[in-house]
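Colleague: Sequence and predicted model, in that order:
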Amino acid sequence: MTSSELIKQLFLSFNNKDNDAFVQAAREYIEREKRKKHTIVAKELEKALYQSATVSNNQRRFKQSLPIPRDTEKGFPLLEIQHFEQDFDSLILSQETKAQLERIIREFKDADILATYNLNYKKKVLLCGKPGTGKTFSAQIISSVLNIPLIYIRFD
């Protein structure tokens, strides 16, 4: 398939809202760029393709209608699901800590790209420190930037 036919296929699949055909044509175009040794373009295209796929996968991954488990004695909910809309610039952190949080976010967003190289992203993060140091706020920021819910598990 020539480049013009491939681009035409991208437009047609987009207009027909055929997501599978669109992703397949986009992947083929990205592979073509890789074969041409246009690695920067290919990487940017992969990031753009998989970043939008990650957002839609995140929205599909979390079911909204699951019942929340409750305490058997008192009936209180055992967890709380919250969504946040906070900006990463709201955090006041040292450059080292900010760089670590940015790395966590970047790894999560680029999970599909990492998987193509048989690399895993961090699926769990432990934030530790004294009270009032911003652990919960940092978790809220990460949740907001990645557009995933933050789940509070209640032990009380």
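Modeller: Structure's in. What do you need?
Colleague: For Arg154, see how far away Pro77 is.
Modeller: 7 Å (C-beta to C-beta, to the nearest Å). Where you see a C-beta, it was placed from the backbone N, CA and C, and this is true even at glycine.
Colleague: Report the central residue of the chain.
Modeller: Within the chain, one residue has its C-alpha closest to the average C-alpha position: by C-alpha atoms, centre = their mean, that is Lys109, at 4.1 Å.
Colleague: so it touches Gln51, yeah?
Modeller: Yes. Taking contacts as C-beta atoms under 8 Å, Lys109 lies within contact range of Gln51: 6.0 Å.
Colleague: just the helices in this structure please.
Modeller: 3-15, 19-35, 39-61, 95-109, 111-116, 135-146 (DSSP state H).
Colleague: Nearest to Gln86, out of those?
Modeller: Closest to Gln86 of those is helix 135-146 (C-beta to C-beta; 4.3 Å).
Colleague: Neighbours of Asp89, how many?
Modeller: Here the number of neighbours of Asp89 (other C-beta atoms under 10 Å) works out to 8.
Colleague: ok, it to Val145 distance?
Modeller: Distance of Asp89 to Val145, given as C-beta to C-beta: 11 Å.
Colleague: care to break the protein down by domain?
Modeller: 3-52, 79-153 (the TED database).
Colleague: Save the ones you listed as a markdown table, and put in mean pLDDT too.
Modeller: As requested, the domains of the chain are exported to a markdown table (pLDDT from 0 to 100):
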| stretch | mean pLDDT |
| --- | --- |
| domain 3-52 | 83 |
| domain 79-153 | 86 |
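Colleague: Need the per-residue pLDDT for the residue of the chain positioned farthest from its centre.
Modeller: Most distant from the centre of the chain: Glu73, at 37.3 Å, with distances by C-alpha atoms, centre = their mean. For Glu73, the model assigns a pLDDT of 82.
Colleague: so who does Leu93 touch?
Modeller: Leu93 is in contact with Leu101, Gly134, Ser138, counting by C-beta atoms under 8 Å, 6 or more residues apart in numbering.
Colleague: Please name the residues that touch the last one.
Modeller: Right, the one you point to is Ser138. By C-beta under 8 Å, 6+ apart, the neighbours of Ser138 are Leu91, Leu93, Leu101, Leu127.
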